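predicted model follows, preceded by the sequence.
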Amino acid sequence: MSAQKRTTGDKEGHLVPQLIFLHVRKTGGQALFDLLRKNIGEKFSRWGGLEMYSDEYDLFAGHSPLREIPASSRHRYFISTFRDPIRRIVSDYRYWRSLNDLGAAREGNPVVRLARTLPLKEWLSHEDVRPWVDNVVVGHFCSDLEASPAKRLSQSKAAIERLDFILEQEALEADVIQLQRSLSFRGLPLESVNVTDLNAQHHADSFNAAEVVGIDAEAADLLAKLTELDRELVIHAQAVREVVNDRLADKVTEHGRPVRPRRLVPGASINIPGLDVWPRVLAGGWADREDWHAWSDGKESRLEFEVSDDIEAVVVKVGAFLPVTRKTLLSRWRVNGGEALDVVFLGGDSTYEVTGQKKALVCSALEPVPIRLDIPGTGVRRVRVDIEIPEAISGEAMGINTDTRQLGIALYNLSPVRRRVAS
């Protein structure tokens, strides 16, 4: 499905909440995507692999697992659909068996060819099929596929609790109505759900494979083993779904459509007085802008911006809150969840030390110093800088004035560094 990126000429009134739809196969996802696309617009929606991902699209959907979604997309709202795991696998199998030669060739997947030639039990037992049927829902949401089964299940449960909306294929129509209301979308009808076993009796509580899909006992036993973790995960999703879904409307009301961050390009620094762009960089944990800088407020602050392909680093010019009663201040910087860079500000000292990734900088709020933040990856990419300031404190708490802000660092500007061209 092709899409066209939204341009700056589009009216602000057309800017809807940005969504990422984490689609697990055979859970009614195509029907949901079609409905969301009608609300958001064909040219602003994209279905496909992560190589097609761009923050310019307001709706991005595909089969990519959560762990592969760029960390820079955290500003979006994440939704996903779930289904009885046994019915999901059998639906996939029956769908693939129903394809003609042309349809099977279009799928381009050897698992499809095996489904068309093997009985269900033999298909489930085949080594090439196992990755497609062995607790794949847990695999879709866990952060570490090499972890133990218990750990993978725990990771997946935690990930589901952080979703912004959970839909069940078995209750898709009602869930879609709630989702549309939460997003303030038009109440469009869900026209179709792409399943091939609607005539089968559903037993959501028992997950009894033989009862659910009418298959032989050996295939049912094998399906039960292959979906043991997935069944636990779906039960957990059912348990937390109401709480997760009820908070989305409040989040959308409070935050609306997250502001797309500023893109940094070589030769264009961002300064604090640039009021029109600064709110698109300070993403949380900052006091109101002042004439020359912005103070961090609290023990955690965050920056978010995009960089063009020819940028390899950003130099951040900062100072620190170091009244005479304080000798040092530790700040910890992390780019897109990577390795931490500790920056220690020293008051009243004249030394500058560099030891590996540990830096000690001499500075004050009036004498800002540069900190270089290397940015991994290539291409246009989104950057999130998390800053921890464990000893942030207010002037009031220190007894030096009545300022209640928990001050730590003062931020003056950001300057992109052009990527070096190999000679």
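All right, it came through fine.

so Val234 touches Arg88, yeah?
No - Val234 is beyond contact range of Arg88, at 9.2 Å (criterion: Cβ atoms under 8 Å). For every residue, glycine as well, the C-beta is placed using N, CA and C.

give me the residues contacting whichever strand or helix holds Gln178.
Using DSSP states H and E, Gln178 maps to helix 172-182. With Cβ atoms under 8 Å, 6 or more residues apart in numbering as the test, helix 172-182 has contacts from 28, 31-32, 35, 39, 79, 81, 165-168, 185-188, 190, 193, 245, 248-249, 252.

still on that earlier bit, overlap in contacts, Val234 and Arg88.
Counting by Cβ under 8 Å, 6+ apart, the residues touching both Val234 and Arg88 are Val137.

if we can go back for a sec, which ones among the contacts of helix 172-182 are found in strands?
Judged by DSSP state E, the contacts of helix 172-182 include 79, 81, 165-168 as members of strands.

and stretch 110-119, which residues are buried?
111-116, 118 (16 or more other Cβ atoms under 10 Å).

same question, stretch 329-347
329, 331, 333, 335-336, 341, 343, 345-347.

what about these, which are in strands?
Going by DSSP E, the strands hold 329, 331, 333, 335, 341, 343, 345-346 from the buried residues of stretch 329-347.

quick check: the farthest pair among these?
Farthest-apart pair in these is Val335 and Leu346; separation 23.3 Å (Cβ to Cβ).

contact partners for the closest residue to Val307 other than its chain neighbours?
With sequence-adjacent residues excluded and distances taken as Cβ to Cβ, 6 or more residues apart in numbering, Val307 is closest to Leu264, at 5.1 Å. By Cβ under 8 Å, 6+ apart, the residues touching Leu264 are 270, 305-308, 311, 314, 414, 416.

which one of the residues you listed is nearest to Pro70?
Glu306 (11.1 Å).

by contact count, what packs against the longest helix along the chain?
When the chain is scanned for its longest helix (criterion: DSSP state H), the result is helix 228-255. Where contact means 3 or more Cβ pairs under 8 Å, 6 or more residues apart in numbering; DSSP states H and E, helix 228-255 is packed against strand 77-82, helix 85-98, helix 136-141, helix 149-161, strand 165-168, helix 172-182.

just the buried residues out of the contacts of helix 172-182, in PyMOL syntax.
Of these, the buried ones can be selected in PyMOL as follows, counting by 16+ other Cβ under 10 Å:
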select buried, resi 28+31+32+35+39+79+81+165+166+167+168+185+190+193+245+248+249+252
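
model confidence over stretch 120-133, on average?
Mean pLDDT, computed over stretch 120-133, is 94.

please identify the buried residues of that stretch?
Buried, per 16+ other Cβ under 10 Å, within stretch 120-133: 120-121, 123-126, 129, 132-133.

which helix or strand contains Leu163?
Leu163 belongs to no helix or strand, assigned by DSSP H and E.

wait, it sits on Ser80?
Yes - at 5.9 Å, Leu163 counts as touching Ser80 under the criterion of Cβ under 8 Å.
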